[in-house]
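Asks: give me a model of this one.
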Amino acid sequence: MKNEKLPQFQPHFLAPKYWGFWLGVAIWRSLLLLPYPILRHIGNGLGWLFSKLKVGKRRAAIARRNLELCFPEMPEQEREAILQENLRAVGMAIIETGMAWFWSDARIKKWSKIEGLNYLKENAQDGIIFVGVHFLTLELGARIVGLHHPGIGVYRPNDNPVLDWLQIKGRLRSNKDMLNRKDLRGMLKALRKGETIWYAPDHDYGRKNAVFVPFFAVQEAATTTGSYYLLKSAPNCKVVPFAPLRNKDGSGYTVSISPPVDFSDLSDETAIAARMNKVVEKEILKGVEQYMWLHRRFKTRPTEDDPSLYS
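Replies: Numbering: from 1, shown residues only. Predicted structure coming up:
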């Protein structure tokens, strides 16, 4: 049974104030009819345009600082190369989100492959926390996996009600259901039924319900406590990470699913969070330039007196 709280289409979505939004969606969908090699060029062009805009420059400064904090020993020139490739990937992410929401199953399969699917099939009966870190390709990666092994998506409601409905409609093409990211009870219920829960623990959601543990070279990074509560309440479930990456040769996408990670020897909240961060780090290193560095990953500090890392 689908989550009854999910947004539904409303007649007022067709009101004049949303006409500009619908025009943008129409143009977006029309572009997606083009062959994938052409879409790659358009995506790169959008990324270049983004980097030149004011918002792009501000986000680039955040990404540059995130990379500096995480990889202080990496030569600056190498970090800058990663940043520039990351900014180009932002434009492609707009195209890839549309591909995830609107492309046919056949077209998705043509341009993708999946490795390690057996790790999901072999552990499905126990319930799976499917750890998907915030790559720019995450939407498309979820669609690719969902064609082979549909699960329960976890989402953050969008402030725009029309976009909120549209994203849910798109994500349900590859998910059995969707749950609000704050709905831990719903996640636990699904895990106990042997479902696969999409879970992304790698963003800074603020001081509330946060634990501070190392993340790359940052010794005290705010990490969600959700990992602890899920593993404590559903101890038999498996933690399976994955990385959805854009192939550099333009041949499409490869989703690599990693073997389950054992947390059974841990019961402490901090220890579980620290190991989960190690899981996240390992997946990020598979495609550093495709990770979502544009958000303020370390905005929450362990004490109020500590200076901001972004000052």
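Asks: check contacts around N86.
Replies: 63, 136, 289-291, 293-294 (CB atoms under 8 Å, 6 or more residues apart in numbering). Where C-beta positions appear, they are placed from N, C-alpha and C, glycine not excepted.
Asks: pLDDT score assigned to it?
Replies: On the pLDDT scale, N86 is placed at 95.
Asks: same check, this time on S256
Replies: Listed pLDDT for S256 reads 98.
Asks: packing partners of the lengthiest strand in the chain?
Replies: When the chain is parsed with DSSP state E, its longest strand is strand 238-246. Other elements packing on strand 238-246 under the criterion 3 or more CB pairs under 8 Å, 6 or more residues apart in numbering; DSSP states H and E are helix 76-102, strand 128-132, helix 138-146, strand 253-257, helix 269-284.
Asks: now distance to W111 too, for the ones you listed, in TSV please.
Replies: TSV is the format used below for the helices and strands packed on strand 238-246 (distance: least, CB to CB, whole Å):
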stretch	distance to W111
helix 76-102	8
strand 128-132	19
helix 138-146	9
strand 253-257	6
helix 269-284	21
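Asks: among the ones you listed, which comes closest to K169?
Replies: If you check each of the helices and strands packed on strand 238-246 against K169 by CB to CB, helix 76-102 wins as the nearest, at 7.5 Å.
Asks: report the angle between the closest one and strand 238-246.
Replies: Angle between the axes of helix 76-102 and strand 238-246 is 100 degrees (criterion: axes from the mean of the first three to the mean of the last three CA atoms, to 10 degrees).
Asks: by how many degrees do helix 76-102 and strand 253-257 diverge?
Replies: Angle of helix 76-102 versus strand 253-257, following the same axes, to 10 degrees, is 100 degrees.
Asks: buried residues in helix 76-102?
Replies: Buried positions in helix 76-102, judged by neighbour count with 16 or more other CB atoms under 10 Å: 79, 82-83, 86-102.
Asks: stretch 99-116 too?
Replies: Across stretch 99-116, burial judged by 16+ other CB under 10 Å covers 99-103, 108, 111-112, 114.
Asks: stretch 17-26 now?
Replies: Here stretch 17-26 shows 18, 25 as buried, counting by 16+ other CB under 10 Å.
Asks: contacts for it?
Replies: 14, 160, 162-163, 166.
Asks: try it again with 10 Å
Replies: Stretch 17-26 is contacted by residues 12-14, 98, 101-102, 160-163, 166 when judged by CB atoms under 10 Å, 6 or more residues apart in numbering.
Asks: which of those residues sit farthest apart?
Replies: H12 and G98 (24.4 Å).
Asks: in the chain, which residue is most central in space?
Replies: Centroid-nearest residue in the chain, with CA atoms, centre = their mean: H134, separated by 3.2 Å.
Asks: look at that residue and report its pLDDT.
Replies: 94.
Asks: hey, where'd the helices end up in the stretch 151-300 of the chain?
Replies: Taking DSSP state H, counting those that start in this stretch as the test, the helices found in the stretch 151-300 of the chain are 161-171, 184-192, 226-233, 269-284.
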